[in-house]
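S.K.: Take this sequence and fold it.
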Amino acid sequence: MKRVPSLALLTSTLLLTPLLGGCGAGPNANSGAESSAQATPSAALAAQSVLSWQALRLGDSGRDVVTLQYLLRHAGQTLSVDGSFGSGTDSAVRAFQRARGLSVDGVVGGNTWKALIVTVRQGDSSNAVRAVQDQLRSGYGYSSVTVDGVFGSGTNTALRDFQSRRGLSVDGVAGLNTWHALVTGSSAPASGTTASLAQSILNNSRITLGTSSSTSGGNPRQNIADTAAGRAATRGCASDANCGLTVTLKRSMLQGMATMAAQNSLYITSLAGGVHSTYSDHYAGLALDIGIWNGVSLGSPNSAHTAARNACIAAGSDPSQTFNAYNDSSGGHDNHVHCAWN
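M.R.: As a prediction, the model looks like this:
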């Protein structure tokens, strides 16, 4: 899915913290920090700590856009469900934001996602149910699920299996945490395929995974080992390297790493751990930092910076979020190359 820089958005009773300096924050990072007319979050949200959501906007496409479109329909908006965030979806998002007292910017960040989400369970029939069914069927391979908007026994069985595999409460109810896992799918514990990919990275002699991090249990090697074992990776936070949060390393980033290693050797200095900027893609499991490229240190600007950045882009990283000493909109990348995937 084409995406703007992912946003780690606070969904607790605390206010959003200001953007801090560090690696990997996109130029549009603040776009998801929407203001809400509500003085306090709902009880359901107050129980949450930090959830990372994919921010969607005009030009994006993919499964999460389909989910967005179904939810907008459920909320009474009129638009096509085609997986493409075009002008019609943009207008519907803005109309929804205006009606809910949110910042009207057309960007579907954390507050907009939370306002769109409704709890659904067996017996319900709605476009919100279609959104769940579409994610289960097309996003996670539950081929027995029919996208008909009717939450029957088949949808219930599939959802319970999904919840079990991701360490969620197995109740067959699509509440906030289940919606979050479905939408960021990406943020669910690794499937066997992703786990196998992580294991292959562990076994790849061309990839050296750093064993140092200010986050306990958050160094690159441990992050990959946890992913190979089907566990979430320990991540840091901008204000606290040991904030106790986890994230699932995304398959797109892991595949990109493996692709680069087919013809190059690389030393990974950071994945999810450490202190980065508040909205860093590291904290969404989408970014990696390279410290050595084909035996050449990236500790200072040199030609290897260019070679590593080009290789990341060739392996699918987002050019606008792939930084080195010479392509650096945010600063702080003179001593490594930062690559982030969608």
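
S.K.: For the most centrally placed residue in the chain, give its distance to Thr278.
M.R.: For the chain, Ala284 is the residue whose C-alpha lies nearest the centre (C-alpha atoms, centre = their mean; 4.5 Å). As judged by C-beta to C-beta, to the nearest Å, Ala284 and Thr278 stand 12 Å apart. Every residue, glycine included, has its C-beta placed from N, CA and C.

S.K.: do the same with Ala198
M.R.: From Ala198 to Thr278 the distance is 26 Å (C-beta to C-beta).

S.K.: Equivalent analysis for Asn302, please.
M.R.: 30 Å.

S.K.: same deal with Ser214?
M.R.: On the measure of C-beta to C-beta, Ser214 and Thr278 end up 16 Å apart.

S.K.: Out of these two, name the residue with the larger neighbour count.
M.R.: Taking neighbours as other C-beta atoms under 10 Å, Ser214 and Thr278 compare with Thr278 leading, 23 against 14.

S.K.: wait, isn't the more buried one in contact with Ala238?
M.R.: Yes - the criterion here is C-beta atoms under 8 Å, and Thr278 meets it with Ala238 at 4.2 Å.

S.K.: quick check: longest strand of the chain.
M.R.: strand 287-293 (DSSP state E).

S.K.: tell me the mean pLDDT for the helix or strand just after it?
M.R.: Downstream of strand 287-293, the next assigned helix or strand under DSSP states H and E is strand 296-297. Throughout strand 296-297, pLDDT has a mean value of 96.

S.K.: what residues does strand 296-297 touch?
M.R.: Outside strand 296-297, the residues that touch it by C-beta atoms under 8 Å, 6 or more residues apart in numbering are Gly291, Asn302, Ala304.

S.K.: Which pLDDT value goes with the residue nearest to the centre of the chain?
M.R.: Ala284 is given a pLDDT of 89.

S.K.: quick one: it from Asn342, how far?
M.R.: Ala284 is 10 Å from Asn342, by C-beta to C-beta.

S.K.: between these two, what contacts are shared?
M.R.: Contacts common to Ala284 and Asn342, judged by C-beta under 8 Å, 6+ apart, are absent.

S.K.: isn't Asn177 right up against Leu168?
M.R.: Yes - contact criterion C-beta under 8 Å: Asn177 and Leu168 qualify, at 5.7 Å.

S.K.: can you pull out the helices in the chain?
M.R.: For the chain, applying DSSP state H gives helices covering 43-46, 63-74, 87-100, 110-116, 127-134, 140, 153-165, 176-184, 192-202, 220-228, 251-260, 303-314.

S.K.: With mean pLDDT, distance to Leu245 and mean neighbour count added, can I get these in TSV?
M.R.: Listed next are these as TSV, based on pLDDT from 0 to 100; distance: least, C-beta to C-beta, whole Å; neighbours: other C-beta atoms under 10 Å:
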stretch	mean pLDDT	distance to Leu245	mean neighbour count
helix 43-46	35	16	12
helix 63-74	93	21	23
helix 87-100	97	27	18
helix 110-116	92	15	25
helix 127-134	96	25	24
helix 140	75	23	20
helix 153-165	91	20	18
helix 176-184	86	13	23
helix 192-202	81	19	17
helix 220-228	93	13	24
helix 251-260	90	18	21
helix 303-314	94	25	19
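
S.K.: and Gly331, which of the ones you listed is closest to it?
M.R.: Gly331 sits nearest to helix 303-314 of all the helices of the chain, at 14.5 Å, using C-beta to C-beta.

S.K.: Could you check how far that closest one is from the centre of its chain?
M.R.: Centroid displacement of helix 303-314 relative to its chain, using C-alpha atoms, centre = their mean, to the nearest Å, is 23 Å.

S.K.: what angle do that helix and helix 251-260 make?
M.R.: Relative orientation of helix 303-314 and helix 251-260, computed by axes from the mean of the first three to the mean of the last three C-alpha atoms, to 10 degrees: 130 degrees.

S.K.: Please report how far the closest residue in space to Ser169 that isn't next to it in sequence lies from Gly175.
M.R.: The shortest distance from Ser169 to any non-neighbouring residue, by C-beta to C-beta, 6 or more residues apart in numbering, is to Gln163 (6.6 Å). To Gly175, Gln163 is 10 Å away according to C-beta to C-beta.
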